[in-house]
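Undergrad: Sequence first, then the predicted structure:
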Amino acid sequence: MLIAKTLGRQVGLPVVSGALVRVRETASQTRLKRDERKRNVEAAFSCVTCAPFAGKQVTLVDDVATTGATLDACATALLACGAQSVNAFTLARAS
């Protein structure tokens, strides 16, 4: 959240916290392969409220992206909630 708040303040965009939640338990992604990661987080996230996202361009912020599976699952939930588009910003990419 610290990265998102700092970035939002720098570019003058609002930051929404707590509106995207995990709706089912998932295994740790650390030892999973790419295809396993995608299946692991599929349908694992949902929006508590759609109001902040409906018709908006949304940017997800995460500290590290490895395969992008979690960001993809979150983007899917946001699009289902009515977001016009979803982009992602990450501080680092793990290989």
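TA: Thanks, I have it. Residues are numbered from 1 along each chain as shown.
Undergrad: Low-confidence ranges, this protein, go.
TA: Residue ranges of the chain with pLDDT under 70: 95.
Undergrad: okay, now residue 52: neighbour count?
TA: By the criterion of other CB atoms under 10 Å, residue 52 has 16 neighbours. Quick note: C-beta positions are derived from backbone N, CA and C, even for glycine.
Undergrad: Outside of the biggest helix by length in the chain itself, which residues are in contact with it?
TA: Ranked by residue count and defined by DSSP state H, the top helix of the chain is helix 69-80. For helix 69-80, contacts defined as CB atoms under 8 Å, 6 or more residues apart in numbering pick out 20, 29, 34, 37-38, 40-47, 53, 58, 60, 62, 65, 86, 88, 90.
Undergrad: where do the strands sit along this protein?
TA: Using DSSP state E, the strands of the chain run over 20-22, 45-47, 57-65, 85-93.
Undergrad: Give the partner strands of the first one in its sheet and their orientations.
TA: It stands for strand 20-22. strand 45-47 (antiparallel) (DSSP bridges).
Undergrad: Quick one: residues in contact with the partner strand.
TA: Strand 45-47 has contacts (CB under 8 Å, 6+ apart) with 19-23, 53, 73-74, 76-78, 80-81.
Undergrad: What is the burial count for the nearest residue to residue 14 once chain neighbours are set aside?
TA: Nearest residue to residue 14, sequence neighbours excluded (CB to CB, 6 or more residues apart in numbering): residue 8, at 6.4 Å. Counted by other CB under 10 Å, the residues lying close to residue 8 total 15.
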